[in-house]
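Visitor: Structural data only, the sequence is not supplied:
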């Protein structure tokens with residue numbers, strides 16, 4: 001049986017002499033593993049369309065095991081992402097997150113469009129760190145792990161000041177914070193941003209300017225939640241953490257929203 005669908009390459013793996021196995025997140029079939037014969041050879045017809053975060057139209061033969069790639073027509077290669085270290089790092093992170101949280105040939109409602117729009121926003125120059133935080137919020141929701149950021153996770157009411165609790169799965173008000181002695185105080189504005197990230201349409205993302213301490217606490221909340229409920233460890237996240245340490249010495253070089261770095 002032949003399959004034809006748009007897809008985004010999540011990762012690649014060299015196989016044999018000159019071949020590649022592509023993990024492609026497709027529009028119609030979810031994640032599909034494809035064998036690209038000869039893709040590592042310079043003159044291969046697949047050479048230009050067998051790199052991570054390539055968006056292409058794939059024609060492939062579907063069997064019980066790996067699909068066999070017959071043809072791939074490039075739609076977008078995202079050159080501005082590839083030319084920027086920070087965008088590449090954050091794009092790799094959301095691709096690896098997608099790969100780890102999806103099963104082979106299982107459809108996930110809305111996830112393909114979310115992933116594609118995230119890459120388009122990265123390419124356009126939007127803040128890659130903010131895109132990653134929004135993507136985390138939304139992919140958690142897709143998998144049924146939606147943190148409570150609209151109100152208190154315990155009493156469903158409450159007001160500022162707000163605390164974040166891993167065990168309760170979201171915000172706690174001052175009256176309920178005693179339920180989790182490890183809950184910690186959130187800075188003003190953080191709960192509103194966390195709630196916004198769950199609701200915002202990625203295609204409508206504008207320019208968001210945040211202080212460094214705000215970014216750090218947003219990251220802390222999302223990483224703690226992912227670690228607790230998903231239990232995955234990502235190589236791309238380790239690299240992002242290394243970049244964070246470098247930022248303490250060198251200024252960030254990412255070109256955001258078309259501004260000069």
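Guide: Arrived safely, thanks for sending. Computed from a predicted model, the values in this text were never measured in an experiment.
Visitor: State the phi and psi torsions of residue 100.
Guide: Dihedral angles phi and psi of residue 100 (degrees, to the nearest 10) take the values phi -70, psi -30.
Visitor: Would you mind confirming that it makes contact with residue 231?
Guide: No - the pair residue 100 / residue 231 is not scored as a contact, 10.1 Å apart, by C-beta atoms under 8 Å. C-beta: built from backbone N, CA, C; applies to glycine.
Visitor: helix or strand for the closest residue to residue 22 other than its chain neighbours, which one?
Guide: Across the structure, with C-beta to C-beta, 6 or more residues apart in numbering as the measure, the residue nearest residue 22 apart from its sequence neighbours is residue 34 (4.6 Å). Element membership of residue 34 [criterion: DSSP states H and E] is strand 30-36.
Visitor: what comes up buried for that strand?
Guide: Buried residues in strand 30-36, defined by neighbour count with 16 or more other C-beta atoms under 10 Å: 30, 31, 32, 34, 35, 36.
Visitor: likewise stretch 11-19?
Guide: Applying a neighbour-count criterion of 16+ other C-beta under 10 Å, the buried positions in stretch 11-19 are 12, 19.
Visitor: contacts for that stretch?
Guide: By C-beta atoms under 8 Å, 6 or more residues apart in numbering, the residues outside stretch 11-19 that reach it are 20-23, 35-41, 44, 50-52, 95-96, 99.
Visitor: what do you get if the cut-off is 6 Å, keeping everything else the same?
Guide: Residues lying outside stretch 11-19 but in contact with it, judged by C-beta atoms under 6 Å, 6 or more residues apart in numbering, are 20, 21, 22, 23, 37, 38, 40, 41, 52, 99.
Visitor: Distance across that stretch, terminal residue to terminal residue?
Guide: Separation of the first and last residues of stretch 11-19 by C-alpha to C-alpha, to the nearest Å is 14 Å.
Visitor: Mind giving me the packing neighbours of the strand or helix carrying residue 133?
Guide: Under the assignment given by DSSP H and E, the secondary-structure element containing residue 133 is helix 128-142. Identification of packing neighbours for helix 128-142 by 3 or more C-beta pairs under 6 Å, 6 or more residues apart in numbering; DSSP states H and E yields helix 85-100, helix 111-124, helix 190-199, helix 212-229.
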